[in-house]
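Novice: just the structure for this:
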Amino acid sequence: MKTTINIRTILDDVIHQFSDPLAFFRELVQNSIDAGSGEIEIELSHDGDAKAPTTQISFRDWGEGMTREIIETKLVRLFSSGKDDDLTKIGRFGIGFVSVFAIDPEAVVVDTGRDGQYWRVLFAKDRSYELFALDEPVEGTLIRIFKPMERAAFEELKPRAQSAIVTWCKHAAVPIGFNGEDVRQDFDLPSRCKLTFEEQGTRVVMGFASAQNPFAGYYNRGLTLNESARSPWPWIAFKIDSRYLEHTLTRDQIIEDRHFEKALGLLRRLALEAMPERLIDALEGLAARAELDADYEILCGYLVHYLVHGQRFLRAWRRRKLFKAANGQAHSLVEVQRAHKRGLLYLTGEAGALAAAFTDEHMVLLDGQGTSCRALLEKLLEQPVQVLEERYCLPSTLPAAPAQKTAALERAIRVVLSRANMAIDTILFVNFDPLSAQLQRWPGLVIATSHKPVRIDGCTRPDLSQLKAGQTLLVNTSTQGIDRLCA
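Specialist: Just a heads-up that it's a prediction; the model follows:
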């Protein structure tokens, strides 16, 4: 029996609707999942010995298979589907199988069976088909697509095919093997602060993002409906997988019906209520640890991004201990504001000797491993925050030159000072590179002692005529000339 699919114009429009012809993989996977298959195997092979080099794409599932009636009323009949009122099925339009013709195959062979009867459907290049009964049993459905192709084109096709399968089927509910390798990926997001949510027929993963255009992914039973960098909430990335979501006939948009609005409402509640609370909880937990790690900096950045986009820092959060001090204590915004008003607030990059010199009378907060903590504080205080290392230095902590390299130079300096009737208690040879750009150019500083903080903006060029006993002379080993004398 040979039949030609009619309504040719409509069929051509349907099979060429996809911007990527390889999207037919998604349609076949969808049909297999709807047929109850527990796994899917896809293989690409090339026969270069044939008269015309040919690529074969094999697609196998172990689902329900098809009877002759299903073949004649569903498979080869355009727009016919038995899934219209079944939300456990993904496809609703009955156009999935014909999408294989988007790659313009030479032939397509479908082997299938059900209820003790087994069939082969052979589609020719012109999309006419013949139906044959098979003697050998067939479990599920095997689709083989044949397309003339040189070896070079085949090698180019393989990674494109795998990429298409991953794009459309990365979160499928069943294993999908591509040339023996499962191509599925975890239903997850690369966020350091995220949550998961599940209810019957729907699952969500949502996380904070610092990018301007965070990811938004919509799926139905793990198959991609739409992915973009257009989240409705600029600080939130998400993926939602729901059996209630559907795409349009052309597969390029989601149907915005009552199910979509319900899903959007769920996402909105998570983005505006649950996620901010999750972030505050996480920040407070990190601030309570003995040491800050990289996650604290990242989470501060998330909160800055959240506030920059017009969201409020809730009143209830003002007493949450979100900020880590150099002395190990954690402080709330209320406490930080109080210290800032009294001029006692500093930020520091590390809990070192300089910070320790200030912690008795000041609040010295740790700035994590970047600039996000400072940005967060300045956003909340609406004023600049002083960085301790930009205002003070502790000379004893500056990198010192080896004594054996500076001994001769120190003796020479003391001889010069003695001849000028000038006295100095201590001479230290240190590198000024950690200090401000202005001080880095100075040959030295005269200070009272190297063991107490020195206010950087109060420093002046050394006046040797004012040297006196008990003072310390710092010689900058990073300046030109001095470094050569110390060499």
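Novice: test my guess that Arg60 contacts Val138.
Specialist: No: at 10.1 Å, Arg60 does not count as touching Val138 under the criterion of Cβ atoms under 8 Å. All C-beta spots, glycine's among them, are computed from the backbone N, C-alpha and C.
Novice: need the overlap of contacts for the two.
Specialist: Shared contacts of Arg60 and Val138, defined by Cβ atoms under 8 Å, 6 or more residues apart in numbering, are absent.
Novice: stretch 212-224: how far from the chain's middle?
Specialist: When distances are taken as Cα atoms, centre = their mean, to the nearest Å, stretch 212-224 is centred 13 Å away from the chain's centroid.
Novice: and it, how far apart are its ends?
Specialist: The first residue of stretch 212-224 is 23 Å away from its last residue (Cα to Cα, to the nearest Å).
Novice: any figure for the gap between Leu195 and Glu277?
Specialist: Per Cβ to Cβ, to the nearest Å, Leu195 is found 10 Å from Glu277.
Novice: compare the two (neighbour count), which wins?
Specialist: Taking neighbours as other Cβ atoms under 10 Å, Leu195 and Glu277 compare with Leu195 leading, 17 against 13.
Novice: so the residue nearest to Phe208 when sequence neighbours are not counted, which state does it fall into?
Specialist: Nearest residue to Phe208, sequence neighbours excluded (Cβ to Cβ, 6 or more residues apart in numbering): Tyr302, at 3.9 Å. What DSSP: H, G, I helix; E, B strand; the rest coil gives for Tyr302 is helix.
Novice: is it true that Tyr302 touches Pro276?
Specialist: No: here Tyr302 does not reach Pro276: they are 9.7 Å apart, not a contact under Cβ under 8 Å.
Novice: higher neighbour count, those two?
Specialist: For Tyr302 versus Pro276, neighbours defined as other Cβ under 10 Å are more numerous around Tyr302 (25 against 22).
Novice: quick check: domain ranges of this structure?
Specialist: As assigned by automatic domain parsing, the chain contains the domains 2-182, 194-270, 313-393, 395-486.
Novice: would you turn the ones you listed into TSV with distance to Gly285 and mean pLDDT?
Specialist: TSV is the format used below for the domains of the chain (distance: least, Cβ to Cβ, whole Å; pLDDT from 0 to 100):
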stretch	distance to Gly285	mean pLDDT
domain 2-182	29	85
domain 194-270	14	92
domain 313-393	10	93
domain 395-486	31	78
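Novice: of all the ones you listed, which one is nearest Ala290?
Specialist: For the domains of the chain, proximity to Ala290 was assessed by Cβ to Cβ; domain 313-393 is nearest, at 7.1 Å.
Novice: and the helices in the stretch 251-400 of the chain?
Specialist: Ranges of helices in the stretch 251-400 of the chain, per DSSP state H, counting those that start in this stretch, are 258-269, 275-287, 294-308, 333-341, 353-356, 372-381, 388-391.
Novice: now those helices in CSV, with distance to Thr397?
Specialist: Listed next are the helices of the stretch 251-400 of the chain as CSV, based on distance: least, Cβ to Cβ, whole Å:
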stretch, distance to Thr397
helix 258-269, 50
helix 275-287, 25
helix 294-308, 23
helix 333-341, 24
helix 353-356, 5
helix 372-381, 21
helix 388-391, 10
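Novice: before we move on, the earlier item: overlap in contacts of Leu195 and Glu277?
Specialist: Common contacts of Leu195 and Glu277 (Cβ under 8 Å, 6+ apart): none found.
Novice: and the longest helix along the chain, what does it pack against?
Specialist: If you go by DSSP state H, the chain has its longest helix at helix 151-169. In this structure, helix 151-169 packs against helix 24-34, strand 40-47, strand 54-61, strand 176-178, strand 223-228, with contacts taken as 3 or more Cβ pairs under 8 Å, 6 or more residues apart in numbering; DSSP states H and E.
Novice: buried deepest among these, which one?
Specialist: helix 24-34 (a mean of 24; mean count of other Cβ atoms under 10 Å).
Novice: ok, Glu41 touching Val174?
Specialist: No: in this structure, Glu41 is not within contact of Val174 by Cβ under 8 Å, at 10.8 Å.
Novice: strands of the stretch 51-200 of the chain, residue ranges please.
Specialist: Using DSSP state E, counting those that start in this stretch, the strands of the stretch 51-200 of the chain run over 54-61, 107-114, 117-123, 128-133, 141-148, 176-178, 181-182, 194-199.
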